[in-house]
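Enquirer: Sharing a sequence plus its predicted fold:
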Protein chains: 2
Amino acid sequence: MSTIIIHEVGLRDGLQMEKQIVPMAQKAKWVEGLIDAGVDIIQLGSFVHPAKMPQMADTDGLFSYFTERNLQDVTLSGLVLNEKGFERGLACGVEMFCMGVSASETHSQKNTGMSIADATSVVLGMARKALALRKTVQASVQSAFGCGYEGEIPASRVIHIVERYLDAGIKHISLADTAGHATPDKVEELFGTILELDDNIECACHFHNTYGLGLANTYAAMKAGVKCVESSIAGLGGCPFAKVAGGNVCTEDLVHMLQRMDLRHDINLGTLIDLAVDVSTFFGREMPGMVYKTGPILAGEIIT
Amino acid sequence: MSTIIIHEVGLRDGLQMEKQIVPMAQKAKWVEGLIDAGVDIIQLGSFVHPAKMPQMADTDGLFSYFTERNLQDVTLSGLVLNEKGFERGLACGVEMFCMGVSASETHSQKNTGMSIADATSVVLGMARKALALRKTVQASVQSAFGCGYEGEIPASRVIHIVERYLDAGIKHISLADTAGHATPDKVEELFGTILELDDNIECACHFHNTYGLGLANTYAAMKAGVKCVESSIAGLGGCPFAKVAGGNVCTEDLVHMLQRMDLRHDINLGTLIDLAVDVSTFFGREMPGMVYKTGPILAGEIIT
């Protein structure tokens, strides 16, 4: 298996589930830790209306803070939901624009107030502008493996959306298992199909560990040829009060697995574990991640 | 993928980690629940000296209770560590004898007081007797994917032990990841090698979720051709006070995955979830299993 790129989404998909507002200085400290650890891509936040999601109100400020430093070894990404957010992203120096459409009509309506068709048009419009400005665009299909509202999602619907992305010149395609419904067999199958659609396609995966299958699905995606994994420090993302919400695949658990598979020894696992401990301390509760609690397996470890 | 056999080991590998003694009547109730759910094989306990492991003191009694009922649709297994335990197992009607050797010299010494070579001789002696009596024998290699004491374990050492098992006529071979060190790539590779050793070999896997890889490793084992998975109700098996102990793969999470993969719809997931809730209530703490907390994904579920 080739080297896997880590796209940290904890500050966006993780924090948007948290009621306790994280001050910008704290976010910046966590981002600095992620940069120090050697994470490849860090999603700083989403450009959503601050009244709708106060936790994301400082996304522009966070971008300005980091883009002014002209960092070389990390890509900073931001999620944009509409033209207004896209303009905000351009203004504060976003390098990589993430955007997406749900493959579930019900989820699309609830999440964006638009049908899949209308939401796709909005995304394609933003993507074309971003690509013309030589920005990196990653387009995702949300609820690609099932939907909490609709249940099963036909693969044909996911493929159709991806084909629209490819037609618009988007090469970075992410499939997101928003509801945590994916199983590794279906992950291998759907990513296998998607990767055959275009020679230059680069796939990313985004799994939630709602039913304990986050890393199993990640491994299946890697087997299918996925090169980029979206994950969340400490496994942030699970709302402790929701019945069927689960955290993202946990970054440090993922890196631990990769290192045990002789991949990504260039990422500092110890730094990630320290960060996860810090996140747990901040929120004052145990987080879903395993390795920050057990400690990593050390080479030649002797336990007496 | 073909149908997967579930071997429930919670009453043995799970409970032996628990300080709170479970009365035999409570164990029997859980076993009855597992039988009702349709689990294929249930390990009732181990035949170890009661003073060494009081939690297993009623294993003989539990076997007598169930073997007298002459159950048809379930196999009851017991772990035997030595000749004395084997005789006890024979006396109380064990149908399937499980036994094993560690692939780690240090773990073997600490666990049995014997070298790998000596422990192998003991196991082969018991296995030959059991096979002569037409009992089913499953022989396992413990610490097959790494050891908390020794670190990496060479695959050649595992293969050598398995070859000894095969020479003795044992067809049911389990590889146990005692320390939770396995990664899915190595699982696929090692089981692939083992399954090529003999046409009639039937492999089982036994994973601990210490570092979050239990189901990922299980999926990898299934890909390699493993037909039997050892798992533990509620994910029992993790000692909450040990630094690097983790629970077994959780039975109801496994069955949930299998059913989402269109396998084992004949097992009643609801009954398993009720059991996991009961186990959690008994021990008065949250267990590692996910699905007993989230509830299963229901076909065509509509969440409003």
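Expert: It's in. Residues are numbered from 1 along each chain as shown, chains lettered A, B, ... in the order given.
Enquirer: okay, CA-based contacts and neighbour counts for the rest of this
Expert: Will do.
Enquirer: Find the nearest non-adjacent residue to A:Val277, please.
Expert: A:Tyr292 (6.5 Å; CA to CA, 6 or more residues apart in numbering or on different chains).
Enquirer: Going by neighbour count, which residues in the helix or strand where the one you found lies are buried?
Expert: Counting by DSSP states H and E, the element that carries A:Tyr292 is helix A:291-294. Residues of helix A:291-294 classed as buried: A:Val291, A:Tyr292, A:Lys293 (neighbour count, 16 or more other CA atoms under 10 Å in any protein chain shown).
Enquirer: Tell me if I'm right that the first one and A:Leu275 touch.
Expert: The reference is to A:Val291. No. The criterion here is CA atoms under 8 Å, and A:Val291 misses it with A:Leu275 at 11.9 Å.
Enquirer: Helix, strand, or coil at A:Ile161?
Expert: Three-state call for A:Ile161 (DSSP: H, G, I helix; E, B strand; the rest coil): helix.
Enquirer: Point out where chain A drops to low pLDDT.
Expert: By pLDDT under 70, the low-scoring segments of chain A are A:1, A:238-245, A:299-304.
Enquirer: For chain B, what's its nearest residue on it.
Expert: Residue nearest to chain B within chain A (CA to the nearest CA): A:Ala216, separated by 3.6 Å.
Enquirer: Kindly report the residues of the stretch 151-300 of chain A close to chain B.
Expert: A:151-152, A:181, A:183-186, A:210-213, A:215-217, A:219, A:243-244, A:253, A:257, A:260-261, A:290-291, A:294-295, A:297-300 (CA under 8 Å from any CA of the partner chain).
Enquirer: Buried subset of these as a ChimeraX selection?
Expert: Only the buried members of those enter the following ChimeraX selection, criterion being 16+ other CA under 10 Å:
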select /A:151,152,181,183,184,185,186,210,211,212,213,215,216,217,219,244,253,257,260,261,290,291,295,297
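Enquirer: List the ones among the residues of the stretch 151-300 of chain A next to chain B that fall in helices.
Expert: Those of these mapping onto helices are A:Pro184, A:Asp185, A:Lys186, A:Leu215, A:Ala216, A:Asn217, A:Tyr219, A:Asp253, A:Met257, A:Arg260, A:Val291, A:Thr294, per DSSP state H.
Enquirer: My guess is the last one contacts B:Gly212. True?
Expert: Right, the one you point to is A:Thr294. No. The pair A:Thr294 and B:Gly212 does not pass the contact test of CA under 8 Å, sitting 10.3 Å apart.
Enquirer: for the longest helix seen in chain A, the distance to its chain's centre please.
Expert: When chain A is parsed with DSSP H, its longest helix is helix A:116-132. Chain-centre distance of helix A:116-132: 19 Å, with CA atoms, centre = their mean, to the nearest Å.
Enquirer: From the contact count, pick out the helices and strands touching that helix.
Expert: When contacts are defined as 3 or more CA pairs under 8 Å, 6 or more residues apart in numbering or on different chains; DSSP states H and E, helix A:116-132 packs onto helix A:83-91, strand A:96-102, helix A:105-112, strand A:136-142.
Enquirer: mind listing what's buried in it?
Expert: Within helix A:116-132, the residues scored as buried using 16+ other CA under 10 Å are A:Ile116, A:Ala119, A:Thr120, A:Val122, A:Val123, A:Leu124, A:Met126, A:Ala127, A:Arg128, A:Ala130.
Enquirer: just curious, which of the residues you listed is nearest to A:Ser280?
Expert: Of all the buried residues of helix A:116-132, A:Ser280 sits closest to A:Val123, with 34.9 Å by CA to CA.
Enquirer: who's in contact with that closest one?
Expert: Residues near A:Val123 by CA atoms under 8 Å, 6 or more residues apart in numbering or on different chains: A:Leu81, A:Asn82, A:Met99, A:Gly100, A:Val101, A:Ala139.
Enquirer: wait, the last one sits on A:Ile173?
Expert: Yes. Shown here, A:Ala139 and A:Ile173 form a contact pair, counting by CA under 8 Å, at 5.2 Å.
Enquirer: Which neighbours do those two have in common?
Expert: Counting by CA under 8 Å, 6+ apart, the residues touching both A:Ala139 and A:Ile173 are A:Tyr165.
Enquirer: Am I right that A:Ser231 sits in a strand?
Expert: Yes. With three-state DSSP as the criterion, A:Ser231 is located in a strand.
Enquirer: what number of residues lie near it?
Expert: 32 (other CA atoms under 10 Å in any protein chain shown).
Enquirer: So it sits against A:Arg12, correct?
Expert: No. Counting by CA under 8 Å, A:Ser231 does not reach A:Arg12; the two are 10.7 Å apart.
Enquirer: what residues are shared contacts of these two?
Expert: Shared contacts of A:Ser231 and A:Arg12, defined by CA under 8 Å, 6+ apart, are absent.
Enquirer: check contacts around A:Leu79.
Expert: For A:Leu79, the contacting residues are A:Gln43, A:Gly45, A:Ser46, A:Phe47, A:Phe97, A:Cys98, A:Met99, by CA under 8 Å, 6+ apart.
Enquirer: okay, those residues in JSON lines with neighbour count and distance to A:Asp58 next?
Expert: Formatted as JSON lines, the contacts of A:Leu79 follow (neighbours: other CA atoms under 10 Å in any protein chain shown; distance: CA to CA, whole Å):
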{"residue": "A:Gln43", "neighbour count": "26", "distance to A:Asp58": "13"}
{"residue": "A:Gly45", "neighbour count": "28", "distance to A:Asp58": "8"}
{"residue": "A:Ser46", "neighbour count": "29", "distance to A:Asp58": "9"}
{"residue": "A:Phe47", "neighbour count": "25", "distance to A:Asp58": "9"}
{"residue": "A:Phe97", "neighbour count": "24", "distance to A:Asp58": "17"}
{"residue": "A:Cys98", "neighbour count": "24", "distance to A:Asp58": "17"}
{"residue": "A:Met99", "neighbour count": "26", "distance to A:Asp58": "19"}
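Enquirer: Export those residues as TSV, with columns for distance to B:Ile159.
Expert: Shown next, in TSV, are the contacts of A:Leu79 (distance: CA to CA, whole Å):
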residue	distance to B:Ile159
A:Gln43	45
A:Gly45	50
A:Ser46	51
A:Phe47	55
A:Phe97	50
A:Cys98	47
A:Met99	49
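Enquirer: Remind me which helix or strand A:Tyr78 belongs to.
Expert: If you look again at residue A:78, you'll see it is Gly, not Tyr. Per DSSP H and E: A:Gly78 is located in strand A:75-80.
Enquirer: Counting by contacts, list what the strand or helix carrying A:Ile194 packs against.
Expert: Using DSSP H and E, A:Ile194 falls within helix A:184-195. Packing partners of helix A:184-195 (3+ CA pairs under 8 Å, 6+ apart): helix A:155-167, strand A:202-207, helix A:214-224.
Enquirer: contacts for the second one?
Expert: The set of residues external to strand A:202-207 that reach it, using CA under 8 Å, 6+ apart, is A:171-178, A:180, A:182, A:191, A:195, A:214, A:217-218, A:221, A:225-231, A:248-249.
Enquirer: Stretch A:55-70 too?
Expert: Stretch A:55-70 is contacted from outside by A:12, A:15-16, A:18-19, A:21-22, A:24, A:28, A:44-51, A:76, A:88-89, A:92-94, using CA under 8 Å, 6+ apart.
Enquirer: let's see 6 Å
Expert: With contacts defined as CA atoms under 6 Å, 6 or more residues apart in numbering or on different chains, stretch A:55-70 is touched by A:Ile21, A:Gly45, A:Pro50, A:Cys92.
Enquirer: Export those residues to a markdown table and append columns for distance to chain B and secondary structure.
Expert: Shown next, in a markdown table, are the contacts of stretch A:55-70 (distance: CA to the nearest CA, whole Å; DSSP: H, G, I helix; E, B strand; the rest coil):
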| residue | distance to chain B | secondary structure |
| --- | --- | --- |
| A:Ile21 | 25 | coil |
| A:Gly45 | 27 | strand |
| A:Pro50 | 25 | coil |
| A:Cys92 | 37 | coil |
